[in-house]
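> here is the input, now give the coordinates:
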Amino acid sequence: MQFWNELEGLTIDRLYPLRRLVRSEGRSAWFETATGEELSTPATISLTEALTDADEVTARLKAAQNLKHPNLVSITKVGEVRLDNTLIVYAVMENIEQSLSDVLQTQTLTPEEGREVAEALVGALTAIHQKGMSHGRVEAASVLATEETVKLRSDCLQTTAAGQAEDVAAIGSTLFHAFTQRKELTATDAQINRIPAPFAEIIRNSFARRWTLGQIANALKPGQPAAQAIPPAPAPVRTPAPAPPPAAAPVPPPAPVPPPSLKTAHDPVVVKVVERTAPKYRPATPPPAVDKPLPLAPKEDEPATARRKPLVLYGALAVVVLAIIGWLFWPHSAQAPTNPQTASQPATPPPAPAPAQPAAAPPASAPRAAAPIVRHTSPSAAPAEPKERTIWRVVIYTYRSQKMAQDRVALISGKYPDLNASVFSPAGKSDVYLVIVGGAMDRQQSFEMRAKALRDGMPGDTYARNFSE
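Next comes the predicted model:
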């Protein structure tokens, strides 16, 4: 088998006719087909040439078949068949009408259409990543239209999570292509500024790998940023403990009739009492008798005044003692006892609640050791993998003829000499000749070389694989 269009008109597994060739991608291709009784239901079938990795391709397609999501193209059947002595793995998918890349050849998307594409990408990739898989081919050609729904192709899923960060970054490049018809994107591209909101912000942050799928989904919700900006709940107001009544308890002698001098607000005696000691929030009736002896009973008030003086002295001493105790046991609260006026103020709040108030904690806790900062790693970042003892190569084409493989290497080397193309035959596969680029590499180098080969125009199904030496 040399050309995919030569298969038009054949029947796969005696069930699925190969009609028009829809697309070809190196060692894979899509054809129009039909299923059901009398082949009345249109469908799409994907064929992959698998000479050395048939088990791996089959496992990937069956994993994709078991993954169901409204924005993911469904696979109904996976199987293997031989065509011209070539092993083919096929996957029967739902009917696909067109791709986003077909639309972008003539026009850009509107903001409403762009939102539909972005939501479909986020929904499908979220379902894929939650299963520990990655897509690996997020681009305009993989965004497909089936009836009235935008879906992401599923016949290229990878069974590892290594490419999840690339999937999220590809959302930005795909949206940039959708709004500008340009595939190339840089983080500082000025054309991003002309893209409507919120897509410009999504493109910048996803392409720069600063956002996760959840953050992109929140940005797509209308008004979501304003709804999330909920002010913090106000701190509960702590009512101070009621002041103890040491001065009020022994002072007010019950008088059946108030003295005539207290009935008028202009009494000079009352004015003097208010100016000296009476605070504004005290009741008006009993306190005046505390500070000035009543004219009706001068002899009874004198002992009370004499008794009140030691009480005030004891209260001041208690405040000083409590302040010292608080300074000793409360961490770094040395400011309170250093001011001698604080201990002698009779109108200050009661000393007992002072060490227990949480509002005074910030200045006291400033010198404490700072809590360790926990840095959360982005969920989209792939975990570091242990080093492997195998050799990785990037495979572009597979041939059964060594001459054909060498001819293909000559063509690639003439146009892309920096790819270092060569022919490689896996161990135990003497009749299989792989066209590889970059030579023998480790895992990270192979993925970087695969990305470079794709940028240089190599087939979309170019893959990196480890080969035991």
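
> can we go C-alpha only for contacts and neighbour counts from here?
Fine.

> right, and Ala169 touches Arg209 too?
Yes: if you go by Cα atoms under 8 Å, Ala169 and Arg209 touch, sitting 5.8 Å apart.

> neighbour count winner among those two?
Per other Cα atoms under 10 Å, whichever of Ala169 and Arg209 has more neighbours is Ala169, with 24 against 18.

> host element of that one?
Assigned by DSSP states H and E, Ala169 falls within helix 164-180.

> give the other helices and strands that that helix contacts.
helix 100-104, helix 111-130, helix 199-207 (3 or more Cα pairs under 8 Å, 6 or more residues apart in numbering; DSSP states H and E).

> relative to Lys77, how far out is Thr41?
14 Å (Cα to Cα, to the nearest Å).

> scratch that, Phe176 is what I was asking about
34 Å.

> now do Leu157
According to Cα to Cα, Leu157 stands 15 Å off from Lys77.

> so which of Phe176 and Lys77 has more stuff around it?
A count of neighbours by other Cα under 10 Å puts Phe176 above the other of Phe176 and Lys77, at 25 against 13.

> and that one, what pLDDT?
Phe176 is assigned 95 on the pLDDT scale.

> same deal with Pro225?
For Pro225, the predicted pLDDT is 49.

> now swap in the one 5 residues further on and tell me
pLDDT, Ile230: 33.

> next, count neighbours for Asn85.
A count of nearby residues for Asn85, using other Cα under 10 Å, gives 9.

> what sits closest to Arg27 if chain neighbours are left out?
Nearest non-adjacent residue to Arg27, counting by Cα to Cα, 6 or more residues apart in numbering: Glu49, 5.3 Å away.

> now do the contacts for that neighbour.
Arg27, Ser28, Thr86, Leu87, Ile88, Val89 (Cα atoms under 8 Å, 6 or more residues apart in numbering).

> just those residues now: which is nearest Leu144?
Ser28 (17.3 Å; Cα to Cα).

> can you count the residues close to the closest one?
By the measure other Cα under 10 Å, the count of residues near Ser28 is 19.

> so it is in contact with Leu47, correct?
Yes: Ser28 lies in contact with Leu47 (Cα under 8 Å); the separation is 5.4 Å.

> what packs against the helix or strand hosting Val409?
Per DSSP H and E, Val409 falls inside helix 402-415. Packed against helix 402-415 by the contact rule (3+ Cα pairs under 8 Å, 6+ apart) you find strand 391-399, strand 421-424, strand 433-441.

> residues making contact with that helix?
With Cα under 8 Å, 6+ apart as the criterion, helix 402-415 contacts Tyr397, Thr398, Tyr399, Leu419, Asn420, Ala421, Ser422, Val423, Val432, Tyr433, Leu434, Val435.

> one more: stretch 181-189?
Residues from elsewhere that reach stretch 181-189, judged by Cα under 8 Å, 6+ apart: Leu104, Gln105, Gln107, Thr108, Ser173, Thr174, Phe176, His177, Arg204, Phe207, Ala208.

> show me what counts as buried in it.
Gln181, Leu185 (16 or more other Cα atoms under 10 Å).

> start and end of that stretch, how far apart?
End-to-end for stretch 181-189, by Cα to Cα: 14 Å.

> pLDDT of it, averaged?
On average, stretch 181-189 scores 84.

> what's the answer for stretch 39-50, then?
92.

> tell me which residues of it come out buried.
Ala43, Thr44, Ile45, Ser46, Leu47, Thr48, Glu49, Ala50.

> now the helix holding Val409 against strand 391-399, angle please.
Calculated by axes from the mean of the first three to the mean of the last three Cα atoms, to 10 degrees, helix 402-415 forms an angle of 110 degrees with strand 391-399.

> coming back round to it: can you list the helices and strands packed on helix 402-415 in JSON lines and add mean pLDDT?
Listed next are those as JSON lines, based on pLDDT from 0 to 100:
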{"stretch": "strand 391-399", "mean pLDDT": "87"}
{"stretch": "strand 421-424", "mean pLDDT": "92"}
{"stretch": "strand 433-441", "mean pLDDT": "90"}
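
> deepest-packed of the helices and strands packed on helix 164-180, please.
Among the helices and strands packed on helix 164-180, ranked by average contacts under mean count of other Cα atoms under 10 Å, first place goes to helix 199-207 (a mean of 22).

> which SSE is immediately downstream of that one?
helix 213-220.

> show me what counts as buried in that next one.
Leu213, Ile216, Ala217, Ala219, Leu220.

> list the contacts for the first one?
Put plainly, it is Leu213. Residues in contact with Leu213, defined by Cα under 8 Å, 6+ apart, are Val122, Leu125, Thr126, Val168, Ser380.

> now tabulate those residues in a markdown table and tack on pLDDT and distance to Pro459.
Formatted as a markdown table, these follow (pLDDT from 0 to 100; distance: Cα to Cα, whole Å):
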| residue | pLDDT | distance to Pro459 |
| --- | --- | --- |
| Val122 | 97 | 26 |
| Leu125 | 97 | 23 |
| Thr126 | 97 | 27 |
| Val168 | 96 | 22 |
| Ser380 | 42 | 27 |
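
> just flag the most distant two among those residues.
For the contacts of Leu213, and using Cα to Cα, no pair is farther apart than Val122 and Ser380, which are 12.6 Å apart.

> so, low pLDDT: which residues of this protein?
Low-confidence segments of the chain, defined by pLDDT under 70: 1-2, 223-312, 329-389, 428, 468-469.

> can you give me the strands for it?
For the chain, the strands defined by DSSP state E occupy 11-12, 16-17, 21-25, 28-35, 41-49, 75-83, 86-94, 98-99, 143-146, 149-152, 391-399, 421-424, 433-441, 463-467.

> output the contacting helices and strands for the second one.
Same thing as strand 16-17. Checked by 3+ Cα pairs under 8 Å, 6+ apart, strand 16-17 has strand 28-35 packed alongside it.

> quick one: the strand it packs on to strand 86-94, angle?
Taking the same axes, to 10 degrees, one finds that strand 28-35 is oriented at 60 degrees with respect to strand 86-94.

> list the strands paired with strand 28-35, with their directions.
Sheet partners assigned to strand 28-35 using DSSP bridges are listed as strand 21-25 (antiparallel), strand 41-49 (antiparallel).

> residues in contact with that strand?
Against strand 28-35 from outside (Cα under 8 Å, 6+ apart): 4, 15-24, 40-49, 461.

> switch to 10 Å and redo it
Strand 28-35 is contacted by residues 4-5, 7-8, 11-12, 15-24, 39-50, 88-96, 459-461 when judged by Cα atoms under 10 Å, 6 or more residues apart in numbering.

> export the strands paired with strand 28-35 to JSON lines and append columns for distance to Ala410.
Below are the strands paired with strand 28-35 laid out as JSON lines (distance: least, Cα to Cα, whole Å):
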{"stretch": "strand 21-25", "distance to Ala410": "20"}
{"stretch": "strand 41-49", "distance to Ala410": "22"}
